[in-house]
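Engineer: Generate a structure from the sequence data that follows.
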Amino acid sequence: MSEQTSEVANSYLRELDDALHGVDDAVRRDIVGGAREELQGLEPEEARQRIAALGDPVFVASEASESSPVTTARSVPAQGREGKDYAVTASVLVALGGILVPVLGWLAGLVMVWISSQWWRWEKVVASLVPIVVGALAFALIFLPPEENDRGAAVNPLIPAVFDIWWSGALLVMICNLIAGMWLLWRSRRTPRPFA
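Structural biologist: Below is the predicted model of the structure:
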């Protein structure tokens, strides 16, 4: 028996949580938490059977909304910004989009990441800020004044020139984007989607 929740179970939990939007938060947490406990560690086929017994997410949400003092549940949205294909596309754009279409490809990947609920907010912030911080540090190095001797020549020939810093910074940003994209893909596959 698997320790992790299967993709079938994760998909059901996402649909259930989305359907429970508008139901009292405590009730919502209890229902989703109970369903998660029921599905934890089940193989995909066992999870499908258990999901059939638990019921359709919209039906569960409508039952919960009748007993809940808060507004009625909404229908489950289309899975356009969820799933494995979406996560792969967004992660590849973050990793390689800046190489394919400079800056815009990377920004498109980040927009896809931010509008999806596939990742936790802190994961989105890390994936967005790490390349920016590395680029800003490399850019700041360009403006550091070199040490000069009496004749104006650089004291240490090992100090990189502005050209070297510029290209090294660009390479570091590309490497950071590649690592951020791979990390986002790994996080989307290893952790269940955070519930809104």
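Engineer: Could you chop this protein up by domain?
Structural biologist: Domains of the chain are assigned by automatic domain parsing as 7-77, 81-190.
Engineer: The nearest residue to residue 184 once chain neighbours are set aside in helix, strand or coil?
Structural biologist: Distances taken as C-beta to C-beta, 6 or more residues apart in numbering place residue 91 nearest to residue 184, at 4.5 Å, with adjacent residues excluded. Every C-beta, even on glycine, is put in place using the N, C-alpha and C of the backbone. Following DSSP: H, G, I helix; E, B strand; the rest coil, we place residue 91 in the helix state.
Engineer: so who does residue 91 touch?
Structural biologist: Neighbouring residues of residue 91 by C-beta atoms under 8 Å, 6 or more residues apart in numbering: 109, 113, 181-182, 184-185, 188.
Engineer: ok, 7 Å please
Structural biologist: Counting by C-beta atoms under 7 Å, 6 or more residues apart in numbering, residue 91 touches 181, 184-185, 188.
Engineer: In the residues you listed, which residue is surrounded by the most others?
Structural biologist: Neighbour counts for these peak at residue 184, which has 27 neighbours (criterion: other C-beta atoms under 10 Å).
Engineer: wait, isn't that one in contact with residue 113?
Structural biologist: Yes - taking contacts as C-beta atoms under 7 Å, residue 184 lies within contact range of residue 113: 6.4 Å.
Engineer: before we move on, back to that, export the contacts of residue 91 to a markdown table and tack on pLDDT?
Structural biologist: Below are the contacts of residue 91 laid out as a markdown table (pLDDT from 0 to 100):
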| residue | pLDDT |
| --- | --- |
| 181 | 90 |
| 184 | 89 |
| 185 | 88 |
| 188 | 83 |
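Engineer: re earlier: overlap of the contact sets of residue 184 and residue 113?
Structural biologist: Listed as contacting both residue 184 and residue 113 by C-beta under 7 Å, 6+ apart are 90, 94, 119, 127.
Engineer: residue contacts, the nearest residue to the last one once chain neighbours are set aside?
Structural biologist: It refers to residue 127. Computed as C-beta to C-beta, 6+ apart, the closest residue to residue 127 that is not its neighbour in sequence is residue 180, at 4.4 Å. Going by C-beta under 7 Å, 6+ apart, residue 180 touches 94-95, 127, 130-131.
Engineer: one more time with 10 Å
Structural biologist: 91, 94-95, 106, 109-110, 113, 123, 126-131 (C-beta atoms under 10 Å, 6 or more residues apart in numbering).
Engineer: how would you label it: helix, strand or coil?
Structural biologist: Residue 180 - assigned by three-state DSSP - is helix.
Engineer: Would you mind checking which helix or strand in the chain has the lowest mean pLDDT?
Structural biologist: helix 57-67 (a mean of 75; mean pLDDT, DSSP states H and E).
Engineer: Report the buried residues of that one.
Structural biologist: 57-58, 60-61, 64-65 (16 or more other C-beta atoms under 10 Å).
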